[in-house]
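**Student:** Sequence first, predicted coordinates after that:
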Protein chains: 2
Amino acid sequence: MHTIGFNKPYLTGKEVHYMYDAVFHRHISGNGKYTKLCHQFFQEKYHFNKVLLTSSCTDALEMSALLINIQPGDEVIMPSYTFVSTANAFILRGANIKFIDSYPHHPNMNPDLIEECITSKTKAIVVMHYAGAANDMKKILSIANKYNLYVIEDAAQCINSFYIDEKNQKIPLGSIGDLSAFSFHETKNIISGEGGMLVVNNKELEKRAEIIWEKGTNRSAFFRGEVDKYGWVDIGSSFLPSDIIAAFLYAQLEELEHIQQKRLWIWNTYYKLLKPLADQGLFELPYIPEYATNNAHMFYLVCRSLDERTKLIQHLKNKGIQAVFHYLSLHSSPYYKDKHDGRMLPNADKFADCLVRLPFYYDLSQSDLEYICEEVKNFFSNI
Amino acid sequence: MHTIGFNKPYLTGKEVHYMYDAVFHRHISGNGKYTKLCHQFFQEKYHFNKVLLTSSCTDALEMSALLINIQPGDEVIMPSYTFVSTANAFILRGANIKFIDSYPHHPNMNPDLIEECITSKTKAIVVMHYAGAANDMKKILSIANKYNLYVIEDAAQCINSFYIDEKNQKIPLGSIGDLSAFSFHETKNIISGEGGMLVVNNKELEKRAEIIWEKGTNRSAFFRGEVDKYGWVDIGSSFLPSDIIAAFLYAQLEELEHIQQKRLWIWNTYYKLLKPLADQGLFELPYIPEYATNNAHMFYLVCRSLDERTKLIQHLKNKGIQAVFHYLSLHSSPYYKDKHDGRMLPNADKFADCLVRLPFYYDLSQSDLEYICEEVKNFFSNI
């Protein structure tokens, strides 16, 4: 049987070479040669103000919560349909979360629902751009400005994706919020196994970001000769990844354009093959808002019901194809349901119940994609 | 000029091979084949109840603080002469720290000073075994039992070191506290660049440790088939290292005995060569208490004054030898001095001012060691 897994990490071939080089030069702890090369890559390519590699996107979100100085009782606004780390990072600092519903036809948080959740305790809005598709940043920034809130982008899925502004300018996701967090987990477009990155766009937070990254010490300033000894000056943690991980990542970054090209071809092929079924109303296809670009991070369908999705996943499994659902709404999770304020978030629940992700990785061929789409078609012809 | 750096990571030669294997098998995110092999190694060799690799020792300490449920206002007892992460991990959860002085002749925390610092808010004692030499665990456990406190071992430097009990039994460090944290930073005996490990000896904390490790989800239980879907059930973070890092670590663990043998030879050589100078009262040599073993993590001298240490470091630097001081007392750091309760901790300050670490790594030869000791001798003959 033709078997197609959900994900298969893509290797450019240079990862092992660069890891070997890092090991050979015997700087394998954090902030070595390859970490600096990755930092430089992002700062040059996307004009991010300052970046710091981290052990995970979760770590970058936790750094964000530390940097905006979240205190017990502060409130943070974010989508319900997101990964647990988006919320945990702020809950670890004592925040209460106001979860916001998705748009009816897009998993992203609906900005029209934000304002009613703002109180005097609200400190930040965390935007998660689902599947790499930008949220409506004009609306979000205008609310944040009105209430003087920090904006943090959970850009886990957003590498090489853009927000398109009114002047039709493409602004890189991750460069808009005060702080942004990227992921290089092996399921992402560009990977390093585990791995992440904090982007510090707000210059006022830049200096402290470096201190928190270095376990609360002013070690970076010391190595630049700005202070004559370094010590404990703030809270912090060990957020630096080993330079081995940075070496792996750098090999991937060198092939970014090439990887993106192939992924976009996969995405467009899926779209073309499945459009006729979507036009019959059997499911919804991913929707890219006019202010967003498509970075081909994932391809998903939204089924008409939980039951239909369950059966579709099972049908595909029987045919050797691994399709998977995604987040459970955080507001109704075992951990948070008693803490949630009781608002109904029906769209988040819809995506939790009905969204299914199809296999998506660099190595997928035309015939793989035809086989998958054919089996999706077969499933819907039989119901 | 003969130049000798302070540290040079040792490679067994298999690290790149195993990393390649991890990459080739395309499981490079956390908890893959090599993570499991490392877990198994530690559980079998040292009879640790349960271990979980982490991205750093700092992460393992933070997991400990989460697991013992530190709340704002709780008090935690620990040495002042330790790394910032020992304290930060608990401060991030809102704890106040009671810093304890060192023994007069050993950097370890003096257990006789603990009891006077215990209040109704005290929740845990964190023991840091300096240079891998056990603290007096009988005394510490007896205090912990009397006041019903958790014991956490900061075992960052303690791989393959032991506490010797009254029956002359060797008990592995890291197996004694409720929880213990190890480091595999590139400066340690066994390395993975950045990296660490949590040991969960208290069985009551075992299940939750797995959840906190997996971002607050019951994913591990799901993969064992104990629950039928996994979701957000608790706070947590992303503490798992990439399996690439575990692959590197596993190559080192296979050579543990061999590495330790060489390091012990280096330590004993230093000791023998420097003993005559110490006997003249020029400095103190490392002292291994009768209840401790020596894992040859580092070799240090304790000078008679800050001034003499500064000059010794400079003299060695002039001769191409990199010797370095170690911790600054945390109680008098810029971050904590205003929060400290004002007790004088003269021994911690003495080690902060007077302790100097000599170069220590696998590749050091007899002639390197003779050269270093000769220059130490030259320095002291000229003052």
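**Tutor:** In hand now; what should we look at?
**Student:** tell me which parts of the stretch 251-383 of chain A are close to chain B?
**Tutor:** Contact residues, the stretch 251-383 of chain A versus chain B (Cβ under 8 Å from any Cβ of the partner chain): A:328, A:330, A:333-336. Bear in mind the C-beta positions are built from the backbone N, C-alpha and C, glycine included.
**Student:** okay if I get those residues as TSV plus secondary structure and pLDDT?
**Tutor:** What follows is these, written out as TSV (DSSP: H, G, I helix; E, B strand; the rest coil; pLDDT from 0 to 100):
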residue	secondary structure	pLDDT
A:328	coil	95
A:330	helix	98
A:333	coil	96
A:334	coil	96
A:335	coil	97
A:336	coil	97
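**Student:** Output those residues in a markdown table, with neighbour count appended to each entry.
**Tutor:** Formatted as a markdown table, those follow (neighbours: other Cβ atoms under 10 Å in any protein chain shown):
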| residue | neighbour count |
| --- | --- |
| A:328 | 21 |
| A:330 | 27 |
| A:333 | 22 |
| A:334 | 13 |
| A:335 | 20 |
| A:336 | 20 |
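**Student:** Residue B:133: which of those is nearest?
**Tutor:** Nearest to residue B:133, judged by Cβ to Cβ, of those is residue A:335 at 41.6 Å.
**Student:** List the contacts of the nearest residue in space to that closest one that is not next to it in sequence.
**Tutor:** Leaving aside its sequence neighbours, residue A:335 sits nearest to residue B:232 (Cβ to Cβ, 6 or more residues apart in numbering or on different chains; 4.5 Å). Counting by Cβ atoms under 8 Å, 6 or more residues apart in numbering or on different chains, residue B:232 makes contact with A:84, A:87, A:328, A:330, A:333-336, B:216-217.
**Student:** 10 Å instead?
**Tutor:** A:83-85, A:87-88, A:327-330, A:332-337, B:211, B:215-218 (Cβ atoms under 10 Å, 6 or more residues apart in numbering or on different chains).
**Student:** how much space is there between it and residue A:154?
**Tutor:** Distance, residue B:232 to residue A:154, using Cβ to Cβ, to the nearest Å: 15 Å.
**Student:** Report the buried members of the contacts of residue B:232.
**Tutor:** A:83-85, A:87-88, A:327-330, A:332-333, A:335-336, B:211, B:215-218 (16 or more other Cβ atoms under 10 Å in any protein chain shown).
**Student:** List the ones among these that fall in helices.
**Tutor:** Mapping these onto helices (DSSP state H) picks out A:84-85, A:87-88, B:211.
**Student:** of those, closest to residue A:146?
**Tutor:** Distances from residue A:146 to those, taken by Cβ to Cβ, are shortest for residue A:87, at 23.9 Å.
**Student:** just to revisit the earlier point, which strand residues bridge the residue nearest to residue A:335?
**Tutor:** Under DSSP bridges, the beta-bridge partners of residue B:232 are residue B:217.
**Student:** circling back to that earlier point, please identify which of the residues of the stretch 251-383 of chain A next to chain B is nearest to residue A:63.
**Tutor:** residue A:330 (20.6 Å).
**Student:** Now do the contacts for the closest one.
**Tutor:** Counted by Cβ under 10 Å, 6+ apart, residue A:330 has contacts A:78-84, A:86-88, A:97, A:99, A:336-337, A:340, A:345, A:348, A:352, B:231-232.
**Student:** now do residue A:82
**Tutor:** Contacts of residue A:82 (Cβ under 10 Å, 6+ apart): A:99-100, A:102, A:107-109, A:126-128, A:130, A:154, A:156, A:326-327, A:329-330, A:348.
**Student:** before we move on, what about residue A:60?
**Tutor:** Taking Cβ under 10 Å, 6+ apart as the test, what residue A:60 contacts is A:51-54, A:85, A:89, A:152, A:154-156, A:179-183, A:195-199, A:213, A:239.
**Student:** Confirm that residue A:43 sits in a helix.
**Tutor:** Yes - the assignment for residue A:43, made by DSSP: H, G, I helix; E, B strand; the rest coil, places it in a helix.
**Student:** wait, it sits on residue A:51?
**Tutor:** Yes - with contact defined as Cβ atoms under 10 Å, residue A:43 reaches residue A:51; the gap is 6.0 Å.
**Student:** For these two, list the residues in contact with both.
**Tutor:** By Cβ under 10 Å, 6+ apart, the residues touching both residue A:43 and residue A:51 are residue A:199.
**Student:** Those two: which is more packed in?
**Tutor:** residue A:51 (23 against 14; other Cβ atoms under 10 Å in any protein chain shown).
**Student:** who's the more buried one bridged to?
**Tutor:** Applying DSSP bridges, one finds that residue A:51 bridges with residue A:199.
**Student:** How about residues contacting the helix or strand bottoming out on mean pLDDT in chain A?
**Tutor:** Least confident helix or strand, chain A: helix A:219-223 with a mean of 86, by mean pLDDT, DSSP states H and E. With Cβ under 10 Å, 6+ apart as the contact definition, helix A:219-223 has outside contacts at A:31, A:52, A:207, A:209-211, A:213-214, A:226-231, A:233.
**Student:** Next up, the contacts around residue A:125.
**Tutor:** Residues counted as contacts of residue A:125 (Cβ under 10 Å, 6+ apart) are A:76-78, A:98, A:100, A:109, A:111, A:114, A:117-118, A:135, A:140-141, A:143-144, A:147, A:149-153, A:177.
**Student:** May I see the ChimeraX selection of the buried members of those residues?
**Tutor:** Command for ChimeraX, covering only those of these found buried under the criterion 16+ other Cβ under 10 Å:
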select /A:76,77,78,98,100,109,111,114,118,135,140,141,143,144,147,149,150,151,152,153,177
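**Student:** In which helix or strand does residue A:153 reside?
**Tutor:** strand A:150-154 (DSSP states H and E).
**Student:** I meant residue A:76, not that one.
**Tutor:** Going by DSSP H and E, residue A:76 is part of strand A:75-79.
**Student:** Which elements pack onto that strand?
**Tutor:** Applying 3 or more Cβ pairs under 10 Å, 6 or more residues apart in numbering or on different chains; DSSP states H and E, we find strand A:75-79 packed against helix A:84-91, strand A:96-100, strand A:106-109, strand A:122-128, helix A:137-147, strand A:150-154, helix A:346-354.
**Student:** Mean pLDDT for these - can I get that in a markdown table?
**Tutor:** What follows is the helices and strands packed on strand A:75-79, written out as a markdown table (pLDDT from 0 to 100):
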| stretch | mean pLDDT |
| --- | --- |
| helix A:84-91 | 98 |
| strand A:96-100 | 98 |
| strand A:106-109 | 98 |
| strand A:122-128 | 98 |
| helix A:137-147 | 98 |
| strand A:150-154 | 98 |
| helix A:346-354 | 98 |
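**Student:** and residue A:38, which of these is closest to it?
**Tutor:** Among those, strand A:150-154 sits nearest to residue A:38 (Cβ to Cβ), with 18.6 Å.
**Student:** between the closest one and helix A:137-147, how big is the angle?
**Tutor:** Angle between the axes of strand A:150-154 and helix A:137-147 is 150 degrees (criterion: axes from the mean of the first three to the mean of the last three Cα atoms, to 10 degrees).
**Student:** How far off centre is the helix or strand that strand A:150-154 is followed by?
**Tutor:** Going down the chain from strand A:150-154, the next helix or strand is strand A:162-164, by DSSP H and E. Distance, stretch centre to chain centre, for strand A:162-164: 15 Å (Cα atoms, centre = their mean, to the nearest Å).
**Student:** same check, this time on stretch A:193-208
**Tutor:** 15 Å.
**Student:** Endpoint to endpoint, it covers what distance?
**Tutor:** 27 Å (Cα to Cα, to the nearest Å).
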